[in-house]
Structure formats: structure tokens, C-alpha cells
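Engineer: When you get a sec, could you give me coordinates for this:
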Amino acid sequence: MSFEQLGLIDPILRALETQGYTTPTPIQAQAIPVVLAKKDLLACSQTGTGKTAAFAIPILQLLYNDQKPGPRRIKTLILTPTRELAIQISENFRDYGAHTGIKHAVIFGGVSAHSQINQLKQGIDILIATPGRLLDLWQQGHINLTGIQQFVLDEADRMLDMGFIHDVKRVIVKLPVVRQTLFFSATMPDEISHLANSILTNPTKVAVTPVSSTAQKVEQRLYYVDKKSKRNLLVHVLKDTSITSALVFTRTKHGADRVAKDLAKAQITASAIHGDKSQNARQRALSDFKSGNIRVLVATDIAARGIDVDNLAYVINYEIPNVPETYVHRIGRTGRAGASGIALSFCDDEERAYVKDITKVIAQQIPVVHEHPFLPEFNTNAAAAIPAVQLRQSSSQQANARKKNSRDNRKWHSNRPKSGNRQQ
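Structural biologist: As a prediction, this is how the structure comes out:
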């Protein structure tokens, strides 16, 4: 199927051609006709499947066909959990709507609201927002939501993870009852399912790319390493100059900062991105990464949500996540839209149970790299296939064996003849 077969108008087709898009992804092929028909949509879709275009393209067409003279007022609201994702969606609307004349604005916290307020005063058709800043500006009287025709709730499960569901519900009650609602979520826990049922009317359901299958198109490699040697292993891996860019994941903000500093000491250009960084610092780091000014971007999971870098070939799990779905989301930053990608994971002794859980979810073993200079003491042969408890027993047995060997060596040395009395 082509975009032309989806019934898209010429201004949007020209923009898609400029961006090099010719064939819709599965989520786009299924969702675009539903949205153009003005039906509610419930989409279960992972990042990297092209879901932003799945709602942005048809919304632009609906608004283009419904343009009327007079002042602009907000007709479409897109609610998204993070600043980075809001900016990414804004860039998509800019690209796809280049020839439509539709105006949009993006608002998020962490920066001055002055320029955002000025944009709103000039009149817009589409508002892309994070929940907190939206509520702040609404309470100040800068935003009128009474004219909303389409409401998009993006990354609903991440809203729940980040504690934003209460704010989301506060926004929803301010919207017109009669509207088109598009609901996107990578997973459907009970609370998200209940929310979807409460705000959707006879929705068309679309589900693509189950969480376990996202990992199938990414080449994965597993490095077993002592925790204290991870820094050296990372530098060793990045000595490969064919790795022109890599997104490195840590569990904590402090860890992201530490890894970025360690890389800088090793003469590898890197920046960290996490929630404690100012919005300007985060945007500068992301811009430098996209432009190639820095080679490595070190990120926490929440900060990385919404990062969309064209042709990102490598993702490195400096620390293994304790939630298998998070692993899939991480490695999904590469291998996007059908492209190939490589995911490297550094696993220390304490993280082996996480690897076992991950292999269950993705239904495949992760190939282990045995040849690297920082192999740990515990046995790594076929480690990805060995239950964590067995690995711990093996490690303990090895430790006991090493102690026994040490005792035997001391005994042998104490009993061996002195140099002058050796038997010939």
C-alpha cells in the first residue's frame, strides 16, 4: 500500500515525498483511514512504529479540509508525557503540514512560558502539550479548550508510570464531550484500560508490534562484566570507530552524569540527558547528538522517551533494566521503521536475573560476547540460557574451587624440596 491509496491530499503527499516517505507502516495503514473517518481510535503500538504520523497526517488533512475564515482557535489537542516527545511531535507536524497552512504550537514546563503564551495569542489550530504546563496556562486563562474537535492521548502508559494520570483526568474533564479521541499506549495495564473505556466511544482497535517482537529486528549482544569494569568496557567498545553514534542507557540521573564524564575523560564526546537537566541543556545535548557534534548521548529511561534519531545504529544498555518491557523500549530506539540496529547490554553479577526475565519476554536468547578484555570471574558460557540461581551456584562453586586450589598450592609449596635438595 502507498500513501496515495490512503486517500491523502496533495499538500500532504508532497510533504511526505520531501521527507522520503513512500510506504506507510502497519500502524499508519490501519489508523489513518480510521482517523479520516472521524472515528475514535484505540491503538496499542510501540515506539518506532510510526505512530506519530499515524495521527498527525490525518489530523492535518481533517483540519485542512475544514479551514474557515476568521481567528484561529485550538481544534486539536495532543497530550504527551515528556518535553522531548512533545518537541518531536511538533517537528513531525511541521514536516507533514509544510504545505497546509495549519498552525501549531508546543508547550512544556522547565522553560519560561513567555514565548509559549505569545504563540497562543497569535492563534493556532493544533496544541501539543505536557499535562503540567497545559493546566498552568489554562488556569491563567491563556488556553481555551472549548473548541477541541480531536483529542490525542499519546503514551498513556508512560503517563501512568510518571504519575501524570491525575493531571490527564483533570484535562479531560475540561474538553467538549462531543469530540474525536485517539488513544495510544504501548501497554494496557488495568488503569490505562479503564481510562480508555471511559473516554472512547465505540473505538476502532488497532494493535501492532507486540512488545516481544520489537526486539526481533534488532541485533542483540550481551557482555558479562564485573560492575567495576563497565566503564572500561564501554570505552573499549567505543574504540570501534564504526560506531559513529550510540545512545547509552543508565538507571539513574547520577549514573548518566558519571558515565558522560568518564567518556569525556577518555576523549569520547558525550552528553547526559535526564530530568534534572534544564530544558535548554537537554535540547542542546539532543541537538548536538542529532547533528553529530557529540558521539554518545547518555540517558535515563524517562528522558529518552520520545528521542527519535534518524539512523541510530547502536543502543548500549550500560545497566540492565529490571523491567523487561523497558529493555524492549530501549533497544527500540534503534532499528526503527524497518532499519537495522544493534543493541549491546552490559550485565554484571547482580543483573543476571534481569536478563533471564528479558529473554522470557522477547522469547529468544541473547548471544553472549565471550571475547573481550573484561570478562568477569563467574562462568559466562551459555549464560543467557542458564537460570540466575544456577549461575549463582556456579559462581559459588567456582569461588570454592579457587579457594581449594589456593590451599593446594600453598600445601604443595610448603612440602616441595628446597632448591639445593631437589631430586634429579
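Engineer: Not counting sequence-adjacent ones, nearest residue to G132?
Structural biologist: G109 (5.1 Å; CB to CB, 6 or more residues apart in numbering). The C-beta positions use only the backbone N, C-alpha and C, and glycine is treated the same way.
Engineer: For the chain, name the helix or strand with the lowest mean pLDDT.
Structural biologist: Least confident helix or strand, the chain: helix 388-415 with a mean of 39, by mean pLDDT, DSSP states H and E.
Engineer: Can you tell me how far R295 is from A264?
Structural biologist: Distance from R295 to A264, counting by CB to CB, to the nearest Å: 11 Å.
Engineer: and these two? which has more neighbours close in?
Structural biologist: A direct count of neighbours by other CB atoms under 10 Å for R295 and A264 places R295 higher, at 18 against 14.
Engineer: So for the closest residue in space to that one that isn't next to it in sequence, what pLDDT did the model give?
Structural biologist: Nearest non-adjacent residue to R295, counting by CB to CB, 6+ apart: T269, 4.8 Å away. pLDDT, T269: 96.
Engineer: who's in contact with T269?
Structural biologist: 263, 293-296 (CB atoms under 8 Å, 6 or more residues apart in numbering).
Engineer: now Q149, nearest residue through space, not along the chain?
Structural biologist: K75 (4.8 Å).
Engineer: Now do the buried residues in stretch 76-94.
Structural biologist: 76-90, 92-93 (16 or more other CB atoms under 10 Å).
Engineer: average pLDDT across it?
Structural biologist: Stretch 76-94 carries an average pLDDT of 91.
Engineer: residue boundaries of the helices in the stretch 301-424 of the chain?
Structural biologist: Using DSSP state H, counting those that start in this stretch, the helices found in the stretch 301-424 of the chain span residues 301-304, 324-331, 352-362, 388-415.
Engineer: Equivalent analysis for the stretch 151-300 of the chain, please.
Structural biologist: Using DSSP H, counting those that start in this stretch, helices in the stretch 151-300 of the chain cover 156-161, 165-172, 190-199, 230-238, 253-265, 279-291.
Engineer: Could you say which of the ones you listed is packed most deeply?
Structural biologist: By mean neighbour count, with neighbours taken as mean count of other CB atoms under 10 Å, helix 156-161 ranks first of these at a mean of 22.
Engineer: Which secondary structure elements does that one sit against?
Structural biologist: Under the contact criterion of 3 or more CB pairs under 8 Å, 6 or more residues apart in numbering; DSSP states H and E, helix 156-161 touches helix 165-172, strand 180-185, helix 190-199.
Engineer: Show me the shaky parts of the stretch 1-150 of the chain.
Structural biologist: 46-48 (pLDDT under 70).
Engineer: which one of the helices of the stretch 151-300 of the chain lies closest to K38?
Structural biologist: Nearest of the helices of the stretch 151-300 of the chain to K38, taken as CB to CB: helix 190-199 at 15.9 Å.
Engineer: Now that closest one: average pLDDT?
Structural biologist: Helix 190-199 shows a mean pLDDT of 94.
Engineer: same deal with stretch 314-323?
Structural biologist: The average pLDDT for stretch 314-323 rounds to 91.
Engineer: what's the span of it from first residue to last?
Structural biologist: End-to-end distance of stretch 314-323 (CA to CA, to the nearest Å): 20 Å.
Engineer: separation between M1 and G7?
Structural biologist: In this view, M1 and G7 are 11 Å apart by CB to CB.
Engineer: In terms of residue numbering, what are the domains of the chain?
Structural biologist: Annotated domains of the chain cover 4-207, 214-397 [automatic domain parsing].
Engineer: got the angle for the helix or strand hosting I59 vs strand 180-185?
Structural biologist: Element membership for I59 (DSSP states H and E) is helix 51-65. Using axes from the mean of the first three to the mean of the last three CA atoms, to 10 degrees, the direction of helix 51-65 lies 170 degrees away from that of strand 180-185.
Engineer: Quick check: pLDDT value at the closest residue to G110 other than its chain neighbours.
Structural biologist: Sequence neighbours aside, Q279 is the residue nearest to G110 in space, at 3.7 Å (criterion: CB to CB, 6+ apart). If you check Q279, the pLDDT there is 74.
Engineer: what does the one 5 residues further on give?
Structural biologist: Reported pLDDT at R284 in the predicted model: 89.
Engineer: For it, list the residues it contacts.
Structural biologist: By CB under 8 Å, 6+ apart, the contact list for R284 reads S271.
Engineer: Next one: it relative to L63, how far apart?
Structural biologist: From R284 to L63 the distance is 32 Å (CB to CB).
Engineer: now F108
Structural biologist: Going from F108 to L63 by CB to CB gives 22 Å.
Engineer: And for K228?
Structural biologist: Distance, K228 to L63, using CB to CB: 56 Å.
Engineer: same question, K265
Structural biologist: Taking CB to CB, one finds K265 at 51 Å from L63.
Engineer: P373 reaches K239, doesn't it?
Structural biologist: No - counting by CB atoms under 8 Å, P373 stays clear of K239, with 11.0 Å between them.
Engineer: Thanks a lot, catch you later.
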